[in-house]
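Chemist: model this:
(one chain, ligands or ions: 2)
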Amino acid sequence: MKLAVVGTGYVGLITGVCFAELGHEVVCADKDSGKIEKLRLGEAPIYEPGLQEMLWSNADAGRIAFTTDLAAAVRGSEIVIIAVGTPSTATGEADLSFVERAAESIGEALDGPKTIMTKSTVPVGTNARIEAIVASRAKYPFRVVSVPEFLREGYAIRDTFNPDRIVIGTDRAAEIEAIVELHKPLTDRIFVTDVRSAEMIKYASNAYLATRISFINEIANICEKVGADITQVSAGMGQDRRIGPHFLNAGIGYGGSCFPKDTKALIQIAGNVDYDFKLLKSVVEVNREQRNTMIRKLREYAGSFSGKTFGIWGLAFKPNTDDVREAPALDIVSRLIGEGARVRVYDPAATANFRSLLNDPSIEWCTDPLSAAKGSDGLMLLTEWNEFAEVDLRAVEQTMNTPILIDGRNLFGDKIGAYSRFWYYSVGRPHLNRSFTKGDQPSAFLA
Ligand SMILES: NC(=O)C1=CN([C@@H]2O[C@H](COP(=O)(O)OP(=O)(O)OC[C@H]3O[C@@H](n4cnc5c(N)ncnc54)[C@H](O)[C@@H]3O)[C@@H](O)[C@H]2O)C=CC1
Ligand SMILES: O=C(O)[C@H]1O[C@H](OP(=O)(O)OP(=O)(O)OC[C@H]2O[C@@H](n3ccc(=O)[nH]c3=O)[C@H](O)[C@@H]2O)[C@H](O)[C@@H](O)[C@@H]1O
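Modeler: Numbering: from 1, shown residues only. Ligands and ions are numbered 1, 2, ... in the order given. Prediction:
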């Protein structure tokens, strides 16, 4: 099939490349000429495992092309995929301006009957709005189908080829043959429903996953006080098939381009129909508080931040991505430097993106984990990249000024016990934490 993808970000690019891999002819359009220029030269503008190689092979085979000319991309296609961003507005609602502009351009460019497939995460009623916008400009018949995206960054290609399900939202089930055909090679779990339910499935899924994370973080906070181990609790809970083992990792809380914005958007969607979504508001609040806990612990262990230097391991909102949107590290680094500390940061992939959002003379950009820890008065692990698990902790401890380790992702397990000189804090595992007895200072602890 001939596909046009409008918006060549994380979702648009992965979708385009994966459908090209399946043999379709894909044209990806984006208004960002810098991004398109890079892609034309064969360079993936994002870090995602496996993407660069798949991009090269499909570009070489002539199955994928890139353009800033949205109209040209639409004209040659049978299916037009909308994958533009839907960021938060200042009040937390989804900003639909990119979707609306895309719909206008698509409407104007239609040169024959087409299917428009919305992958962007959009509030209930938005696909109807897209349909109205396109209809006001189009001279040919078209249909709009909602196909929300569920891929995770860091596993985007794997998730695209092995989805748990494909949700297709349509109010005219007889007209979705092409969309079903397109997705059949990916899975036979295709769930066809009405458009509004499809739109809601996406928000409800993200909100539920965010809820699990805040729930397990609160259980972890209680574990700390009652002497239980959250890792054991999650493992034991996860064996119940009604609960399942996923999304029960306690830590610093969720970040990323989607959970924070989609939870806020769903609270607003509910508010717009006079429904006070109390549970989800608490989920967001618990998540915010979890980041504060890390700062509080560092203060408890290290004292005042002013004039001190701290190491930061991990800037991305999670491993295997260079995405720093709503990353806990943005908050935490800002707070540390705001209180007069210097920070030495390292991330295997996200440094450039982080620097474009937060660049300050108090930040030193390091190129390996050891140099970020060097001479520091405390180290915070904020992203659980494998690379950090493999670092020689003895060398880390020796290079630090004060060996305080705040493990925001519970990355280090029992092996931390072998390094008795570390002052260690992890979430919900009191038996591993070396907490500080009143009056002690790290130097006294080391003596
Ligand atoms: N990032 C993720 O892991 C996932 C994102 N989603 C949803 O998919 C949508 C896209 O997200 P991302 O790919 O992360 O966004 P992104 O910000 O990485 O990419 C969006 C792209 O759309 C382009 N764009 C905006 N308006 C345009 C227009 N009128 N014409 C052409 N290009 C235009 C932008 O230049 C940008 O390159 C959002 O609604 C998001 O919630 C859904 C599932 C996963
Ligand atoms: O709508 C979206 O954009 C996507 O949002 C999430 O995907 P993503 O944000 O890429 O990453 P996740 O793996 O879900 O992690 C999100 C955040 O939760 C945190 N997390 C995750 C799992 C866990 O057990 N504990 C936990 O703190 C991660 O560290 C990360 O900060 C969803 O998992 C995808 O299904 C969805 O398509």
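
Chemist: can you pull out the helices in the stretch 151-300 of the chain?
Modeler: 156-161, 177-183, 195-226, 230-238, 259-272, 278-302 (DSSP state H, counting those that start in this stretch).

Chemist: of the ones you listed, which stretch is the most buried?
Modeler: Greatest average neighbour count among those goes to helix 259-272 (a mean of 21), per mean count of other Cβ atoms under 10 Å. Using the backbone N, CA and C atoms, a C-beta is placed for each residue, glycine as well.

Chemist: now the angle from that one to helix 278-302?
Modeler: For helix 259-272 against helix 278-302, the angle by axes from the mean of the first three to the mean of the last three Cα atoms, to 10 degrees is 140 degrees.

Chemist: what about helix 259-272, near ligand 2?
Modeler: Yes - residues of helix 259-272 contacting ligand 2 under Cβ under 6 Å from any ligand atom: Phe259.

Chemist: report the rounded mean pLDDT for that helix.
Modeler: Here helix 259-272 scores 96 as its mean pLDDT.

Chemist: from Leu405, how far off is the closest residue to Glu339 other than its chain neighbours?
Modeler: In space, not counting the residues next to it along the chain, Glu339 is nearest to Phe305; the distance is 4.2 Å by Cβ to Cβ, 6 or more residues apart in numbering. Look at Phe305 and Leu405: by Cβ to Cβ, to the nearest Å, they are 16 Å apart.

Chemist: these two - which one has more neighbours?
Modeler: Between Phe305 and Leu405, counted using other Cβ atoms under 10 Å, the more crowded position is Leu405 (26 against 22).

Chemist: pick out the residue of the chain closest to ligand 2.
Modeler: Among all residues of the chain, Cys258 sits closest to ligand 2, at 2.9 Å; criterion: Cβ to the nearest ligand atom.

Chemist: residues in contact with that residue?
Modeler: Thr121, Asn206 (Cβ atoms under 8 Å, 6 or more residues apart in numbering).

Chemist: helix/strand/coil for the nearest residue to Gly251 once chain neighbours are set aside?
Modeler: Leaving aside its chain neighbours, Gly251 sits nearest to Arg409 (4.5 Å; criterion: Cβ to Cβ, 6+ apart). Assigned with DSSP: H, G, I helix; E, B strand; the rest coil, Arg409 falls in the coil class.

Chemist: and the pLDDT at Arg409?
Modeler: With respect to pLDDT, Arg409 scores 97.

Chemist: the helix or strand hosting Gly34 packs against which elements?
Modeler: In the assignment (DSSP states H and E), Gly34 maps to helix 33-40. With contacts defined as 3 or more Cβ pairs under 8 Å, 6 or more residues apart in numbering; DSSP states H and E, the packing partners of helix 33-40 are strand 64-67.

Chemist: could you check the strand it packs on against ligand 1 for contacts?
Modeler: No - using Cβ under 6 Å from any ligand atom, strand 64-67 stays clear of ligand 1, with a minimum separation of 9.8 Å.

Chemist: got a list of contacts for that strand?
Modeler: Residues contacting strand 64-67 (Cβ under 8 Å, 6+ apart): 8, 16-17, 20, 26-30, 36, 39-40, 55, 58-59, 73.

Chemist: Ser282 reaches Asn217, doesn't it?
Modeler: No - look at Ser282 against Asn217 with Cβ atoms under 8 Å: they stay out of range, at 11.6 Å.

Chemist: need the residues touching each of those two.
Modeler: When Cβ under 8 Å, 6+ apart defines a contact, no residue borders Ser282 and Asn217 alike.

Chemist: look up how far Glu149 lies from the residue of the chain closest to ligand 2.
Modeler: For Cys258, the distance to Glu149 - Cβ to Cβ - is 10 Å.

Chemist: overlap in contacts of those two?
Modeler: Each of Thr121 lies in contact with both Cys258 and Glu149 under the rule Cβ under 8 Å, 6+ apart.

Chemist: quick revisit: wait, what's in contact with the residue nearest to Gly251?
Modeler: Asn249, Gly251, Ile252, Gly314, Leu381, Leu382, Thr383, Glu384.

Chemist: make JSON lines out of these and add pLDDT.
Modeler: Below are the contacts of Arg409 laid out as JSON lines (pLDDT from 0 to 100):
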{"residue": "Asn249", "pLDDT": "98"}
{"residue": "Gly251", "pLDDT": "97"}
{"residue": "Ile252", "pLDDT": "97"}
{"residue": "Gly314", "pLDDT": "98"}
{"residue": "Leu381", "pLDDT": "98"}
{"residue": "Leu382", "pLDDT": "98"}
{"residue": "Thr383", "pLDDT": "98"}
{"residue": "Glu384", "pLDDT": "97"}
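
Chemist: could you list which of these also contact ligand 1?
Modeler: Answer for these near ligand 1: none qualify (Cβ under 6 Å from any ligand atom).

Chemist: let's have those in CSV, adding neighbour count.
Modeler: Output for the contacts of Arg409, formatted as CSV (neighbours: other Cβ atoms under 10 Å):
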residue, neighbour count
Asn249, 18
Gly251, 25
Ile252, 28
Gly314, 29
Leu381, 25
Leu382, 31
Thr383, 30
Glu384, 22
